[in-house]
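Novice: Here is the input, now give the coordinates:
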Amino acid sequence: MTTPVLECQNITKHYQQGPDTIEVLQRIDLCLNAGERLGIIGASGSGKSTLLNMLGGLDQPTSGEVRLGGEPFSCLNDNQRARIRNEQLGFVYQFHHLLGEFTALENVALPHMIGGHSRRLAQEKARKLLKDVGLDHRINHKPSELSGGERQRVAIARALVNTPSCVLMDEPTGNLDRHNAQAVQELLQDLSTELGIAFIVVTHDEQVAATMDSVWHLEDGQLAQQVESKASHV
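Specialist: Here you go, the predicted model:
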């Protein structure tokens, strides 16, 4: 039986605010397989970003367990969690978080170098990925010299440089016009098909969510219902 790429079982997240306990997530279960694209939608403040942080090992649940490649995050120390994130996860945010003083090539190569690879090999891989996302002519440009759509494609290339098994995306098209958002959607579909990369995409955009293999609503701290994606109908 194939091990899921990423899964969580019965995770909850509570915060203490004075005498009050604030429940953000309640009994969340998810299972993601290789090449699968899963969309999560919900209102602002529903806990979508908190859930993504749990799944990425950036924050620890109050209870329950998250496993990446079958390995529980709870069994790892901070250094081990950082290593497994670098090797197996990619992250893309609404605000691309590129390093302004570095070129597109350097931004994409950096996680590969942090993973222990030489600058030459890292830049070689970064150059190929930038070509794959249609930016081979912009590799020496800094973020301030790129459009919003170009910056987001650099961020996607950076997320892919270590060939992760899963990429977590938080509102990846939130700052893009419809044309660039459509280009990002098509790119995700190609990558999941060609490379077997799994994606979890948190979004307000129902058009983006509808292109996923499955769509979940996060409401009142729970994944209240699974909604059939329109992807199979388009």
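Novice: Which neighbouring elements make contact with the helix of greatest length in the chain?
Specialist: For the chain, the longest helix by residue count, based on DSSP state H, is helix 178-195. On a contact count with 3 or more C-beta pairs under 8 Å, 6 or more residues apart in numbering; DSSP states H and E, helix 178-195 meets strand 37-41, helix 148-160, strand 198-202, helix 206-209. Yep, even glycine has a C-beta here, placed from its N, CA and C like the rest.
Novice: could the ones you listed be laid out in a markdown table, adding mean pLDDT and distance to residue 107?
Specialist: What follows is the helices and strands packed on helix 178-195, written out as a markdown table (pLDDT from 0 to 100; distance: least, C-beta to C-beta, whole Å):
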| stretch | mean pLDDT | distance to residue 107 |
| --- | --- | --- |
| strand 37-41 | 89 | 24 |
| helix 148-160 | 87 | 6 |
| strand 198-202 | 90 | 20 |
| helix 206-209 | 77 | 24 |
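Novice: Need these in TSV (columns: distance to residue 31).
Specialist: Output for those, formatted as TSV (distance: least, C-beta to C-beta, whole Å):
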stretch	distance to residue 31
strand 37-41	9
helix 148-160	21
strand 198-202	11
helix 206-209	18
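Novice: Give me the residue at the spatial middle of this protein.
Specialist: The centroid of the chain falls nearest to residue 168 when counting by C-alpha atoms, centre = their mean (1.3 Å).
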